[in-house]
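# Provide a 3D model corresponding to the input given below.
(one chain, ligands or ions: 1)
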Amino acid sequence: MTQKSPLQKTATSFAEESADEPHHEGGFRPDFDIDLTRGGPRYGEFIEEVRTFMDRVKAALPSEELVAEVIDELKVLNAKLDEVAIDEWRAPSGGRIDLPARGNITLPPYEVDDAGEEGVHARLTFRRYHLGGNNAAHGGQVAVAFDDLMGMAGALGSKGITRTAYLTVNYRAITPLDTELKLRSWVDRMEGRKVFLRATLHNGETLCAEADGLFIKLKPGQP
Ligand SMILES: CCCCCCCCCCCC(=O)SCCNC(=O)CCNC(=O)[C@H](O)C(C)(C)COP(=O)(O)OP(=O)(O)OC[C@H]1O[C@@H](n2cnc3c(N)ncnc32)[C@H](O)[C@@H]1OP(=O)(O)O
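Modelled structure (predicted):
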């Protein structure tokens, strides 16, 4: 890979700065610049197909026969993937920071435009599998996006590994599906291990939701 994304650049410098600290076996480990070749060059395409599958499942009215057929095919695929299951630290899903949402299938697919101590700017699109009702994103999915991208801003802003203590989301307007939205998250202030964060989610000029959260910097070894 010749060009690094903003998140890769920041994660690399974060990992370098953390290199002298005691190895952290708890929380989220700071070794972000790990092998981005895991899963191979088509891993992102694989994750995208999984997301498309979830969209199709959410939208489908399948016949009894089609349900049976899909079950049989899924059983074959699940058995193949079960053979290559590995621990969370080495699985590419969630660790491929070169891919949308780090290749994590449970996150709404986002692209980070800018990430650093000042905060994170990302674009994300909720889609059919995130449906709450009437073409709007499920509020829990909005909270997932805030949690992850505020956690990222918290980690980069505090140069530490943080966990969410509380997260308050205010839903201001419908969050549409299949629309590119902008999420911004930033550290508001820090008090010792307490990292207070804020975030906004916009559809153009419309504020869809905003959040404030407290993330706690973990002590070495803390789960
Ligand atoms: C580059 C790639 C990046 C990649 C970035 C990837 C980002 C992923 C982000 C995902 C983040 C998550 O979802 S994390 C998963 C969801 N969260 C969790 O499971 C956390 C569960 N809770 C816990 O583990 C714990 O309660 C902690 C760690 C949050 C805090 O425990 P602790 O470490 O023992 O700290 P504790 O002494 O209790 O509290 C420290 C201070 O915070 C205050 N405090 C603690 N909790 C609260 C609270 N809910 N509300 C108010 N205040 C609180 C205390 O009063 C105290 O204040 P004072 O007396 O000092 O004033």
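
# which residues sit in contact with the closest residue to His138 other than its chain neighbours?
Distances taken as Cβ to Cβ, 6 or more residues apart in numbering place Gly132 nearest to His138, at 3.5 Å, with adjacent residues excluded. C-beta coordinates here come from the backbone N, C-alpha and C atoms, glycine included. By Cβ atoms under 8 Å, 6 or more residues apart in numbering, Gly132 lies in contact with 138-141.

# what helix or strand is Gly132 on?
strand 131-133 (DSSP states H and E).

# The helix or strand just after that strand - what's its average pLDDT?
On the C-terminal side of strand 131-133, the nearest following helix or strand under DSSP H and E is strand 136-137. The predicted model assigns strand 136-137 a mean pLDDT of 98.

# Buried ones in whichever helix or strand comes after strand 136-137, by neighbour count?
For strand 136-137, the succeeding helix or strand toward the C-terminus, using DSSP H and E, is helix 139-158. By neighbour count on 16 or more other Cβ atoms under 10 Å, the buried set for helix 139-158 is 141-158.

# Just the local confidence number for the closest residue to the ligand within the chain, please.
At 2.4 Å from the ligand, Gly151 is the closest residue in the chain, using Cβ to the nearest ligand atom. Here, the pLDDT recorded for Gly151 equals 96.

# residues in contact with it?
Contacts of Gly151 by Cβ under 8 Å, 6+ apart are 28, 162-164, 215.

# So which of those belong to strands?
162-164, 215 (DSSP state E).

# quick one: which of the residues you listed is most hemmed in?
Neighbour counts for these, by other Cβ atoms under 10 Å, peak at Phe215, which reaches 28 neighbours.

# need the helices for the chain, in chain order.
With DSSP state H as the criterion, the chain has helices at 6-17, 43-59, 64-82, 139-158.

# most packed of the ones you listed?
Most buried of those, by mean neighbour count (mean count of other Cβ atoms under 10 Å): helix 139-158, with a mean of 22.

# With only the CA atoms kept, save that helix in PDB.
Below are the C-alpha coordinates for helix 139-158, written out as PDB (Å, rounded to 0.1, in the frame of the first residue of the first chain):
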ATOM      1  CA  GLY A 139     -31.600   5.000  16.700                       C
ATOM      2  CA  GLY A 140     -29.400   2.300  18.100                       C
ATOM      3  CA  GLN A 141     -27.400   2.200  14.900                       C
ATOM      4  CA  VAL A 142     -26.900   6.000  15.100                       C
ATOM      5  CA  ALA A 143     -25.600   5.400  18.700                       C
ATOM      6  CA  VAL A 144     -23.200   2.700  17.400                       C
ATOM      7  CA  ALA A 145     -21.800   5.200  14.900                       C
ATOM      8  CA  PHE A 146     -21.300   7.800  17.700                       C
ATOM      9  CA  ASP A 147     -19.800   5.300  20.100                       C
ATOM     10  CA  ASP A 148     -17.200   4.100  17.600                       C
ATOM     11  CA  LEU A 149     -16.200   7.500  16.200                       C
ATOM     12  CA  MET A 150     -16.200   9.200  19.600                       C
ATOM     13  CA  GLY A 151     -14.100   6.400  20.900                       C
ATOM     14  CA  MET A 152     -11.700   7.000  18.000                       C
ATOM     15  CA  ALA A 153     -11.600  10.800  18.800                       C
ATOM     16  CA  GLY A 154     -11.100   9.900  22.500                       C
ATOM     17  CA  ALA A 155      -8.200   7.600  21.800                       C
ATOM     18  CA  LEU A 156      -6.500  10.000  19.500                       C
ATOM     19  CA  GLY A 157      -7.200  13.100  21.600                       C
ATOM     20  CA  SER A 158      -6.100  11.500  24.900                       C
END
